[in-house]
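# Just the structure for this:
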Amino acid sequence: MEKTTNPLRPRIPPLVCIVGKSGSGKTTFLEKLIPELTGMGLKVGTIKHDVHGFEIDHPGKDSWRHKQAGSGITLISSPQRIGMVMDVDHDHTLDELALFFSGVDIILTEGYKRENKPKIEIFRREAHREPLCQNDSNLIALLTNADVDLGVPRFALNDIEGLAHFLAKHFKLHPS
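The predicted structure is shown next:
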């Protein structure tokens, strides 16, 4: 029997958490991986978690004034991008956030090491003694300069192309 997709339920793209201890190079790695994946024709979304909170509105700007007036959701739209500020009552899970990502092939997150999602760890021997994900069944790949075997494919820290092709194959990604 062929499995059908419910047309009323949006397809949630695969979520992959890029994890590693502070200073391991997660942001720099993502800056290299994103163009590699987009160069393969894939649409990429990203999520960065900030436990300290953040502001993207600037005092005095129209969108800021809308929020100050009490709007629960404010969108700002231009021909190049859309930005949204929305009040929330809790720290959203990755599954809740993924619903905002229609039209992408894969969502990469920076952080979320405790989430029950596929993970790629960046581990630098000179910076840390042991990998974070030694006993994490969600680990799908390791980027490292160390001779460590966690039972998953291992890539050199600079093998961005190899990891991009691994992700495409692992998640059966095709350009949308």
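
# And the host helix or strand of residue 17, what does it pack against?
For residue 17, the host element (DSSP states H and E) is strand 15-19. The helices and strands touching strand 15-19, judged by 3 or more CB pairs under 8 Å, 6 or more residues apart in numbering; DSSP states H and E, are helix 26-39, helix 94-98, strand 106-110, strand 119-123. Where you see a C-beta, it was placed from the backbone N, CA and C, and this is true even at glycine.

# of all those, which lies closest to residue 79?
Among the helices and strands packed on strand 15-19, the nearest to residue 79 by CB to CB is helix 26-39 (19.7 Å).

# can you pull the buried residues of that closest one?
Residues 26, 29-30, 33-34, 36-37 are the ones in helix 26-39 that count as buried (16 or more other CB atoms under 10 Å).

# Tell me where the model's unsure across the protein.
Counting by pLDDT under 70, the chain contains low-confidence ranges at 1-10, 51-55, 176.

# And the strands in it?
15-19, 44-48, 73-77, 82-86, 106-110, 119-123, 139-144, 154-155 (DSSP state E).

# Could I get those in TSV, plus columns for distance to residue 56?
TSV is the format used below for the strands of the chain (distance: least, CB to CB, whole Å):
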stretch	distance to residue 56
strand 15-19	22
strand 44-48	12
strand 73-77	9
strand 82-86	6
strand 106-110	17
strand 119-123	27
strand 139-144	30
strand 154-155	33
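
# Pipe those strands into a markdown table and attach distance to residue 164 and mean neighbour count per row.
Below are the strands of the chain laid out as a markdown table (distance: least, CB to CB, whole Å; neighbours: other CB atoms under 10 Å):
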| stretch | distance to residue 164 | mean neighbour count |
| --- | --- | --- |
| strand 15-19 | 11 | 24 |
| strand 44-48 | 10 | 17 |
| strand 73-77 | 31 | 13 |
| strand 82-86 | 26 | 12 |
| strand 106-110 | 10 | 21 |
| strand 119-123 | 11 | 25 |
| strand 139-144 | 11 | 22 |
| strand 154-155 | 10 | 17 |
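
# Ok, which of these comes nearest residue 162?
So among the strands of the chain, strand 154-155 is nearest, using CB to CB, at 5.3 Å.

# rewinding a little: rebuild the helices and strands packed on strand 15-19 as JSON lines, extending it with distance to residue 131.
Shown next, in JSON lines, are the helices and strands packed on strand 15-19 (distance: least, CB to CB, whole Å):
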{"stretch": "helix 26-39", "distance to residue 131": "14"}
{"stretch": "helix 94-98", "distance to residue 131": "21"}
{"stretch": "strand 106-110", "distance to residue 131": "17"}
{"stretch": "strand 119-123", "distance to residue 131": "4"}
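
# now the buried residues of helix 26-39 in JSON lines, with distance to residue 83?
Formatted as JSON lines, the buried residues of helix 26-39 follow (distance: CB to CB, whole Å):
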{"residue": "26", "distance to residue 83": "23"}
{"residue": "29", "distance to residue 83": "25"}
{"residue": "30", "distance to residue 83": "20"}
{"residue": "33", "distance to residue 83": "23"}
{"residue": "34", "distance to residue 83": "19"}
{"residue": "36", "distance to residue 83": "26"}
{"residue": "37", "distance to residue 83": "23"}
